[in-house]
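**Q** I would like to see how this sequence folds:
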Amino acid sequence: MTPDIFRILPEVVLTLVGVLVMLTDASMSPKSSRRLLGWVAALGVLAALAASLWQGTLPAGTAFYGTVQTDAFSTFFHVLICGIVLVAILLSIDTLPPDRSPEQHHVGEYFALMVFGAVGMCLLTSAVELLVVFIALEISSISTYVLAGYRKQTGKGPEAAMKYFLLGSFATAFLLYGIAMVFGATGTTEVREIATLLPAARSHLFVLLAFGLMMVGVLFKVSAAPFHVWTPDVYEGAPTPVVALMSTAPKVAAFALLIRLLYGVFPLLHPLWMPLMWVVAAVSMTVGNLAALRQQNVKRMLAYSSIAHAGYLLTAFTGSGTEPIAAVGFYTAAYAAMNVGIFALLSVVGGYDERRSSVTDYRGVLYSSPLSGGLMLLFLISLIGIPFTGGFFAKFYSFTTAMQGGAGWLVLIGLLNSGIAAAYYLRLALSMALPSAASAKAQGLSSVGAGVVLAVGIAALATLALGILPGHVLDAAHAAAQSFAAIRGF
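**A** The predicted model follows:
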């Protein structure tokens with residue numbers, strides 16, 4: 001029998017690393033450099049990633065009285081989340097203000113919060129008890145609320161944190177009320193038991209209310225329309241390395257939760273939630289892309305882009321069988337690679353003070369820093385969905401899955417939206433390609449530390465690999481999907 005502690009080994013490793021970072025920070029001299037703490041956190045997350053891979057060798061099973069489950073599904077998302085957090089930490093090491101800079105503050109807490117946030121995200125993907133889901137979501141959310149307001153010396157930083165906190169708290173309350181409704185209808189909060197007891201629920205009205213409330217909470221976390229209003233302001237106000245993290249890792253965890261709710265808790269409501277996903281996907285794609293067309297601020301443009309990508313992801317849920325789960329898993333991996341990559345390069349070129357914030361500020365970047373500009377083009381064409389990049393294959397897989405489920409009109413809407421998205425992505429690319437004598441020389445990768453180079457390199461290689469040789473990740477995504485194959489009504 002596998003000891004229970006092995007079922008949460010990545011979370012244990014991450015927790016110990018977070019505590020170690022905080023204790024080390026407290027014991028260091030105020031004049032000492034805190035950069036070392038970033039490398040400590042990075043090595044700890046790497047150890048957690050190794051622990052997640054090792055968990056994949058264990059037989060599927062539950063622990064701690066059936067509250068957490070280790071299987072191919074949880075392993076896939078654990079590895080993905082740990083990989084994103086590792087890259088975000090590497091990026092932060094050399095893009096935060098220099099040691100003893102007036103802008104530098106609480107660097108140790110910054111890295112500890114990233115690690116503690118990863119604990120909640122990982123636990124969220126393996127929890128099969130709704131109260132544990134709520135606790136994991138809070139651990140993840142509280143960390144990102146604080147990180148969003150890290151730039152306290154600016155007005156936009158605290159504003160972003162407050163908006164994210166207030167709206168996020170409302171969304172979490174909806175989820176908690178939904179859990180209460182489920183318990184009232186079935187008498188349990190355990191995922192497997194709920195699916196079994198739903199047909200004989202005491203009140204079908206409670207079931208429908210529970211479903212609606214929980215969907216509000218989760219769709220807020222994935223920044224799907226119409227629950228997307230927080231996204232542009234938070235992305236603009238938070239430091240760019242934090243946006244690289246919060247635009248990907250929490251969204252990956254939230255989509256894992258959405259899969260578990262739709263296919264694990266409410267499989268019998270498939271005739272209800274499939275049309276709902278159709279509508280939300282169409283609205284998210286359209287609202288996100290049309291709003292992004294009007295943006296001059298690059299981070300706000302990418303924020304609306306993330307709303308559109310949430311729509312592309314939700315499109316896969318209109319498919320049938322296990323393919324939607326595999327498609328969502330692959331898309332989250334591809335989206336994480338290209339989105340972390342583009343924000344990493346925004347951190348390099350624009351700097352911590354974001355001296356380049358608008359599209360026109362990036363004019364001439366391809367000339368002043370060819371490597372940085374070339375890699376930005378790679379991530380932009382992947383976000384568009386051009387072949388031989390991860391973005392193309394992810395979008396192709398999502399749309400193919402929807403076509404197989406009979407959602408042809410939704411796929412058409414997605415294709416039209418992809419054309420709209422190309423306009424604002426190419427607008428940034430064109431600005432970078434136009435020479436400008438007045439443009440200040442952009443900082444290149446040659447002038448930053450090893451952490452940033454590693455972060456950008458990992459993101460670029462992953463983006464190319466997922467477009468050219470996607471086989472291993474596809475196999476892992478399909479293995480994750482099979483975890484739900486035996487669920488009744490699926």
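**Q** once you drop chain neighbours, what's closest to the most centrally placed residue in the chain?
**A** For the chain, the residue whose C-alpha lies nearest the mean C-alpha position (C-alpha atoms, centre = their mean) is residue 248; its distance is 2.2 Å. The spatial neighbour of residue 248 that comes closest, neighbours along the chain excluded (C-beta to C-beta, 6 or more residues apart in numbering), is residue 336 at 4.3 Å. To be clear about C-beta, it is placed using only N, CA and C from the backbone, and glycine gets the same treatment.
**Q** what's the helix or strand for that neighbour?
**A** Following DSSP states H and E, the helix or strand that holds residue 336 is helix 323-350.
**Q** I'd like the next helix or strand past that helix.
**A** Next along the chain after helix 323-350, taking DSSP H and E as the criterion, comes helix 365-368.
**Q** check the offset of that next one from the chain's centre.
**A** Per C-alpha atoms, centre = their mean, to the nearest Å, the displacement of helix 365-368 from the mean C-alpha position of its chain is 30 Å.
**Q** just checking, what packs against it?
**A** For helix 365-368, the elements it packs on are helix 370-384, helix 408-433, judged by 3 or more C-beta pairs under 8 Å, 6 or more residues apart in numbering; DSSP states H and E.
**Q** tell me the buried residues in that helix?
**A** Along helix 365-368, these residues count as buried under the neighbour rule (16 or more other C-beta atoms under 10 Å): 365, 366, 367, 368.
**Q** show me where pLDDT drops low in the chain?
**A** Judged by pLDDT under 70, the chain has its weakly predicted residues at 1, 98-105, 436-447, 484-490.
**Q** can you name the next helix or strand after the longest helix along it?
**A** What stands out as the longest helix in the chain, according to DSSP state H, is helix 156-186. Helices and strands here follow DSSP H and E; after helix 156-186, the next one along the chain is helix 191-197.
**Q** what are the contacting residues of that following helix?
**A** Outside of helix 191-197, the residues within contact range by C-beta atoms under 8 Å, 6 or more residues apart in numbering are 66, 128-130, 182, 186-188, 260, 264-268, 487-489.
**Q** tilt between the helix holding residue 336 and helix 408-433?
**A** Inter-element angle recorded for helix 323-350 and helix 408-433: 10 degrees (by axes from the mean of the first three to the mean of the last three C-alpha atoms, to 10 degrees).
**Q** what helices or strands is helix 323-350 leaning on?
**A** Helix 323-350 makes packing contacts with helix 72-95, helix 240-246, helix 249-259, helix 298-315, helix 370-384, helix 390-404, helix 450-468, helix 471-481 when contacts are defined by 3+ C-beta pairs under 8 Å, 6+ apart.
**Q** residues near the nearest residue to residue 376 once chain neighbours are set aside, how many?
**A** In space, not counting the residues next to it along the chain, residue 376 is nearest to residue 345; the distance is 4.9 Å by C-beta to C-beta, 6+ apart. Using other C-beta atoms under 10 Å, residue 345 is surrounded by 32 other residues.
**Q** closest to residue 135 out of the helices and strands packed on helix 323-350?
**A** helix 249-259 (12.6 Å; C-beta to C-beta).
**Q** circling back: ok, now how distant is the residue nearest to residue 376 from residue 312?
**A** Relative to residue 312, residue 345 is positioned 22 Å away (C-beta to C-beta, to the nearest Å).
**Q** what of residue 245?
**A** From residue 245 across to residue 312, the span is 21 Å (C-beta to C-beta).
**Q** do the same with residue 400
**A** For residue 400, the distance to residue 312 under the criterion C-beta to C-beta works out to 12 Å.
**Q** neighbour count: these two, which is higher?
**A** Residue environment comparison for residue 400 versus residue 312 gives the larger neighbour count to residue 312, 25 against 15, counting by other C-beta under 10 Å.
**Q** where does residue 356 fall, phi/psi-wise?
**A** Note on residue 356: its backbone torsions stand at phi -110, psi 100 [degrees, to the nearest 10].
**Q** same thing with residue 223?
**A** Phi and psi for residue 223, reported as degrees, to the nearest 10, are phi 60, psi 50.
**Q** right, and it touches residue 306 too?
**A** Yes. Here residue 223 reaches residue 306: they are 6.0 Å apart, a contact under C-beta atoms under 8 Å.
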